[in-house]
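*Asks:* Dropping the sequence and predicted coords here.
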Amino acid sequence: MKPNRKNSPQNDLKKSRRKFLKTSALAVTAFTIVPRFVLGGKNHIAPSDTLYIAGIGAGGKGESDLTECAKSPNVKISFLCDVDDRRAAKSRLNFPDAPYYKDFRKMLDKEHKNIDAVTISTPDHTHAAAAMAAMEKGKHVYVQKPLTWSISEARTLTEAAVKYKIVTQMGNQGGSFDDVRKMKEMYDDGLIGDVTRVSAWTNRPIWPQGIPAPSEIQSTPNELDWDLWLGPAPAIPYYSGYVPFGWRGWTAFGTGALGDMACHILDPAFRILPIDYPSDVECSFTGIWGKNFNEVLIPESFPSSSVMYFTFPGKNGKPDIKLSWMDGGIKPERPEELGADEPMGDWSGGIIMEGTKGKMIADCYGRNPRLLPTSKMDNLVVDQKLKRVPEGHYIQWVNACMKGYGKAELSSPFEYAGPFTESILLGVLAMKSYYLRENEKYPGRRKLMWDAKNMKVTNVDIANSLVKREPRAGWVI
């Protein structure tokens with residue numbers, strides 16, 4: 001896992017050592033990898049022990065992703081890629097030795113021999129294109145949540161990880177927290193029985209949504225390559241409200257509040273309960289009405305608030321699970337067992353699991369899990385049975401990359417993250433399908449029946465046009 005640098009000082013040392021070993025009786029037991037002390041001191045990392053990471057999306061979340069990976073002494077940030085020079089500026093200062101590209105396709109074509117793994121911290125609509133380009137060249141990938149923009153893309157990446165034997169991790173870092181494991185241990189101890197209902201919510205969106213598409217013509221900043229930013233998405237004019245963060249609220253690029261936060265808040269449910277794909281989903285959301293009492297449809301932007309209802313078939317003899325999601329400030333009813341002055345979740349959101357024997361509540365990321373009423377937590381002792389991740393989500397992935405495919409445990413490999421993302425994006429599909437009218441108005445909260453195996457809505461055929469999007473010419477997913 002090292003770059004091809006034939007004339008490096010390290011290779012000169014290797015040649016000298018090999019020459020010595022060939023003339024020595026110790027040659028039979030010679031090392032195949034030069035030990036660290038030969039190359040330069042106790043803490044020096046040999047090239048063969050170094051993971052060379054390229055960052056696709058170097059600004060914003062990309063900056064923090066790269067910084068976290070670089071905390072490992074085994075990591076060298078070898079290349080940076082971003083379509084916006086302004087956003088990449090800090091990472092370029094932090095990693096001055098890393099050559100800089102704007103187009104990840106060119107970077108991977110030219111530098112793939114010098115790259116072991118990539119982090120992908122771009123807007124949702126380019127996750128799949130970047131990940132597939134890297135995996136096809138045998139590179140391990142860390143992809144921010146949600147894994148992809150569409151259901152079809154999530155399935156494609158999940159299958160590709162197995163095909164190319166790639167070490168993968170989705171960036172829902174709460175999946176590596178101690179609290180979510182404690183929550184599972186509480187559930188596995190039978191403290192709330194079999195879960196039949198899950199309620200989750202978030203304060204997002206904290207960016208503009210439910211607004212008309214822009215009509216003004218704006219000039220693209222010189223530092224931004226707008227065509228590359230669009231990537232596989234349809235070509236539309238530049239608008240300052242899309243970048244650097246507002247894209248989340250626009251259906252062409254983001255996945256709304258659900259896509260942004262469900263990978264964090266719903267992770268305990270998917271990690272703890274025996275569920276994978278939902279059998280159906282229905283939604284309702286805030287509408288906009290004109291002065292003539294007519295509904296104003298804005299298919300380009302997600303609504304300011306929404307409610308989703310999913311059904312997950314029970315497994316292993318367990319009952320079906322009804323799961324609800326609320327965003328935009330809407331919350332489920334407070335459990336009767338929760339005191340009037342006790343917090344329900346935290347600023348970002350929370351989750352409640354209702355079982356046949358009791359209830360459990362937690363904050364965003366599954367933090368601070370507690371039984372209801374919370375007095376049940378007094379003197380409660382739960383045996384620690386699950387392995388913790390003291391190194392954290394990023395370094396867990398780094399270490400797994402060093403060991404190779406299938407040789408280390410991961411919190412959110414695509415095997416897990418793919419089906420999880422597909423389920424979340426079915427809710428996004430339900431929202432967007434409202435605007436697909438076939439000679440009649442879409443009745444609110446119409447239930448969409450889902451065939452997960454074939455990725456198909458079985459009762460509203462027009463909704464299937466949202467399962468997959470053909471990328472623009474020049475972009476392959």
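*Replies:* Nice, thanks for sending it over.

*Asks:* As a check, name the ranges of all helices in the stretch 1-150 of the chain.
*Replies:* Counting by DSSP state H, counting those that start in this stretch, the stretch 1-150 of the chain has helices at residues 9-22, 36-40, 61-69, 85-94, 104-111, 127-135.

*Asks:* what about S411, which helix or strand?
*Replies:* Element membership of S411, judged by DSSP states H and E, is empty: it is in no helix or strand.

*Asks:* re earlier: which one of the helices of the stretch 1-150 of the chain has the poorest average confidence?
*Replies:* Mean pLDDT is lowest for helix 36-40 among those, at a mean of 33.

*Asks:* What's the local residue count around the residue lying closest to S306 once chain neighbours are set aside?
*Replies:* Nearest non-adjacent residue to S306, counting by Cβ to Cβ, 6 or more residues apart in numbering: F285, 3.7 Å away. Glycine gets a C-beta too; all of them are placed from N, C-alpha and C. Number of residues near F285 (other Cβ atoms under 10 Å) recorded here: 22.

*Asks:* tell me which helix or strand of the chain sits lowest on mean pLDDT?
*Replies:* In the chain, the helix or strand scored least confidently by mean pLDDT, DSSP states H and E is helix 36-40, which has a mean of 33.

*Asks:* Can you verify my assumption that G210 contacts T286?
*Replies:* Yes - G210 lies in contact with T286 (Cβ atoms under 8 Å); the separation is 6.4 Å.

*Asks:* Kindly provide the whole-number mean pLDDT of stretch 238-254.
*Replies:* Rounded mean pLDDT across stretch 238-254 is 97.

*Asks:* So what touches it?
*Replies:* 59-60, 84, 87, 123-125, 149, 205, 207-211, 214, 216, 218-220, 224, 226, 229, 233-234, 236, 255-257, 259-260, 299-302, 432 (Cβ atoms under 8 Å, 6 or more residues apart in numbering).

*Asks:* What mean pLDDT does the longest helix that the chain contains get?
*Replies:* Longest helix of the chain, by residue count under DSSP state H: helix 414-433. Confidence over helix 414-433 (mean pLDDT, whole number) is 97.

*Asks:* could you give the angle of that helix to helix 127-135?
*Replies:* Interaxial angle, helix 414-433 versus helix 127-135 (axes from the mean of the first three to the mean of the last three Cα atoms, to 10 degrees): 150 degrees.

*Asks:* Just the buried positions in helix 414-433, please.
*Replies:* 414, 416-433 (16 or more other Cβ atoms under 10 Å).

*Asks:* Can you verify my assumption that T148 contacts A130?
*Replies:* No - with contact taken as Cβ under 8 Å, T148 and A130 are classed as non-touching, separated by 10.6 Å.

*Asks:* higher neighbour count, these two?
*Replies:* It is T148, of T148 and A130, that has more neighbours when counted by other Cβ under 10 Å, with 31 against 25.

*Asks:* what sits against that one?
*Replies:* Listed by Cβ under 8 Å, 6+ apart, the contact partners of T148 are D124, H127, A128, A154, T156, L157, T421, L425.

*Asks:* Take these and write them to JSON lines, including distance to R388.
*Replies:* JSON lines is the format used below for these (distance: Cβ to Cβ, whole Å):
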{"residue": "D124", "distance to R388": "30"}
{"residue": "H127", "distance to R388": "28"}
{"residue": "A128", "distance to R388": "31"}
{"residue": "A154", "distance to R388": "28"}
{"residue": "T156", "distance to R388": "32"}
{"residue": "L157", "distance to R388": "27"}
{"residue": "T421", "distance to R388": "25"}
{"residue": "L425", "distance to R388": "30"}
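
*Asks:* Pull the most distant pair out of these.
*Replies:* Farthest-apart pair in the contacts of T148 is D124 and T156; separation 14.7 Å (Cβ to Cβ).

*Asks:* Show me which of these two is the more surrounded one.
*Replies:* Set D124 next to T156 and count neighbours by other Cβ under 10 Å: D124 wins out with 25 against 19.

*Asks:* Could you measure from the more buried one over to R204?
*Replies:* Here the distance between D124 and R204 works out to 14 Å (Cβ to Cβ, to the nearest Å).

*Asks:* ok, L228 to S301 distance?
*Replies:* Applying Cβ to Cβ to L228 and S301 gives a distance of 23 Å.

*Asks:* Pick out whichever of the two has more residues nearby.
*Replies:* Neighbour totals were compared for L228 and S301, and S301 leads with 20 against 17 (other Cβ under 10 Å).

*Asks:* Run through the bridge partners of the residue nearest to M377 when sequence neighbours are not counted.
*Replies:* Leaving aside its chain neighbours, M377 sits nearest to R370 (5.1 Å; criterion: Cβ to Cβ, 6+ apart). Listed beta-bridge partners, R370: I361 (assigned using DSSP bridges).

*Asks:* How is the chain divided into domains?
*Replies:* The chain breaks down by automatic domain parsing into domains covering 9-173, 175-212+248-389+428-466.

*Asks:* Next, format the ones you listed as JSON lines and append distance to A408.
*Replies:* JSON lines is the format used below for the domains of the chain (distance: least, Cβ to Cβ, whole Å):
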{"stretch": "domain 9-173", "distance to A408": "8"}
{"stretch": "domain 175-212+248-389+428-466", "distance to A408": "11"}
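
*Asks:* Worst mean pLDDT among those domains?
*Replies:* domain 9-173 (a mean of 84).

*Asks:* Distance from the chain centre to it, please.
*Replies:* 18 Å (Cα atoms, centre = their mean, to the nearest Å).

*Asks:* can you check stretch 296-305 too?
*Replies:* Going by Cα atoms, centre = their mean, the spacing between the C-alpha centre of stretch 296-305 and its chain's C-alpha centre is 24 Å.

*Asks:* Any idea how far apart the tips of that stretch sit?
*Replies:* Using Cα to Cα, to the nearest Å, one end of stretch 296-305 lies 15 Å from the other.

*Asks:* who's in contact with L108?
*Replies:* The contact partners of L108, by Cβ under 8 Å, 6+ apart, come to A54, I115, A133, A134, K137, K139.

*Asks:* Quick check: PyMOL command selecting the buried ones in those residues.
*Replies:* Here is the PyMOL command that selects the buried residues among the contacts of L108 (16+ other Cβ under 10 Å):
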select buried, resi 54+115+133+134+139
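
*Asks:* Neighbours of the residue nearest to V296 when sequence neighbours are not counted, how many?
*Replies:* Distances taken as Cβ to Cβ, 6+ apart place I288 nearest to V296, at 4.3 Å, with adjacent residues excluded. Look at I288: counted by other Cβ under 10 Å, it has 15 neighbours.

*Asks:* Fine, thanks again, bye for now.
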